[in-house]
Structures are given as structure tokens and as C-alpha cells.
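In: sequence plus the predicted model coming up.
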Amino acid sequence: MADPAVVNARLALAHPDARCALDHADAFQLLVATVLSAQTTDERVNTVTPEVFGRWPDAAALATADLAALEDVLRPLGFFRAKARSLVGLAQGLVRDHDGEVPPDLDALVALPGVGRKTANLVLGNAFGIPGITVDTHVGRLARRLGWTTQTDPVRAEADIAALVPPSEWVMLCHRLIFHGRRVCHARRPACGECVLADVCPSAFAV
DNA sequence: ATCCCGAGGG
DNA sequence: CCCTCTGGAT
């Protein structure tokens, strides 16, 4: 198994820019941006968020948004109809259950329509500084290649990672793993030749 | 062709 | 467990 502390330190050096690109001031906008980022890139999300937040700056506005108008703004993202519906439902849930505020609580977030575990953990970490591990496809794949877990179930993988890494590092480590997974440690043909972890990774040149 | 910081529904 | 929703980049 690759030493988690070594991995974290090397990735921090290799990818100093790894962070939440959806770096918005308030939790509501961060939540919206995180929901939008499903199956897209953060760069693309950032091309639509100015208009989204310009027109619908808070939960109250979004809860009564014209669906067709919202769909039109979201079109370049893919899944735009589903996302538009999901977002309005989410805003209505925030207004109904939380006075329009984003609850800083995992269970409360997951209970909201359109919010699952991954979205909830990202929002908790990025908006509230509450440590969480987001096991998306990248984090799961890299954790397995690094020998940190053998689990394909995200919840079990999360538990394995949590046992190896101090909570204070969870959020940034996930950002770094995601960043590294997108640029170097690809699902199909990982670029082990340019990977800063190759000498400590049990799967290097073996996938 | 294949992949993307997913969730809901059957 | 499977499927669907969707467009754009590579």
C-alpha cells in the first residue's frame, strides 16, 4: 500500500491548483454549482453559473424559477432538463425545510431532493469546512490502485480511506485525487510514466 | 468510441 | 441490480 501521507504530500506539490473550482462565496451557490457538476467538468459549470446566480441568486428565487428559462441556461451542461427540475425541487426543499438556508449537516442535505452523498460531502467540506470524503469514480479508482481499499462500494471505500487519513486532510486529498485521476491516473490508460506516485504505487505500470 | 466531481426510479 | 437523463471534449 502506498503511504497516504506520502501520496498526499506529493500530490500537493504536483497539483498545487487542485481545489474546488466551484469556489463560491455562499453555501447556496456552492450547492447549486455542485449539483450542476454531475457528469460535466467544473470548467463548463463555471461558464453557466454567472447567469444562473445573476437570475436566481438564492433559494427563494430558484424555487419559483421558470423551468424553461432555467433549462435554456443549463443546456450546455448535458442532462439539462433533469438538472433544471432537480434544482427547482432542491430550492423548494430548502425553502420548505430550512428557511432557504443550506443545512450544514450530512443527513439533512441528503434528505433534500437531488442531493446525494457525494454532493453533500463536497458541500460540507467546501462551504462549511466540515471534513468529508467524497468517493466519486476517481477517488474510488485511485484508492484501489494505491492499495488503500479493495472495495468497489463507495461507502465501504470511504470507511477504509477514513481509517488511513486524518480528517483534517480529507477534503483536500479528495480534490487532489480527483485532479490526479482526471489528468494522469485515467481509468483506461493511466500515464504511469508521468505519475509522481509511480515509485510508491502498487499498481504502477500494471493496469 | 469513451468519459465526465450523480441521483432517482424501476 | 439495471436504466435514464444529456452535451461536449478528447
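Out: Arrived safely.

In: for the residue nearest to A:Leu94 when sequence neighbours are not counted, which residues are in contact?
Out: Nearest residue to A:Leu94, sequence neighbours excluded (CB to CB, 6 or more residues apart in numbering): A:Ala59, at 4.1 Å. Using the backbone N, CA and C atoms, a C-beta is placed for each residue, glycine as well. Going by CB atoms under 8 Å, 6 or more residues apart in numbering, A:Ala59 touches A:28, A:91, A:94-95, A:100-101.

In: please apply the same query to A:Gly132.
Out: With CB under 8 Å, 6+ apart, A:Gly132 has these contacts: A:106, A:120-122, A:124-125, A:170-171.

In: specify the local secondary structure of it.
Out: coil (DSSP: H, G, I helix; E, B strand; the rest coil).

In: how close does it get to A:Leu122?
Out: Distance check for A:Gly132 against A:Leu122: by CB to CB, to the nearest Å, it reads 8 Å.

In: in chain A, which residue sits closest to DNA strand B?
Out: In chain A, the residue that lies nearest DNA strand B is A:Gly116 (2.4 Å; CB to the nearest atom of the strand).

In: who are the contact partners of that residue?
Out: Counted by CB under 8 Å, 6+ apart, A:Gly116 has contacts A:Val110.

In: I'd say A:Ala12 and A:Met172 touch.
Out: Yes: proximity of A:Ala12 to A:Met172 meets the contact threshold set by CB atoms under 8 Å, at 7.5 Å.

In: report the set of residues contacting both of the two.
Out: Common neighbours of A:Ala12 and A:Met172 (criterion: CB under 8 Å, 6+ apart): A:Ala18.
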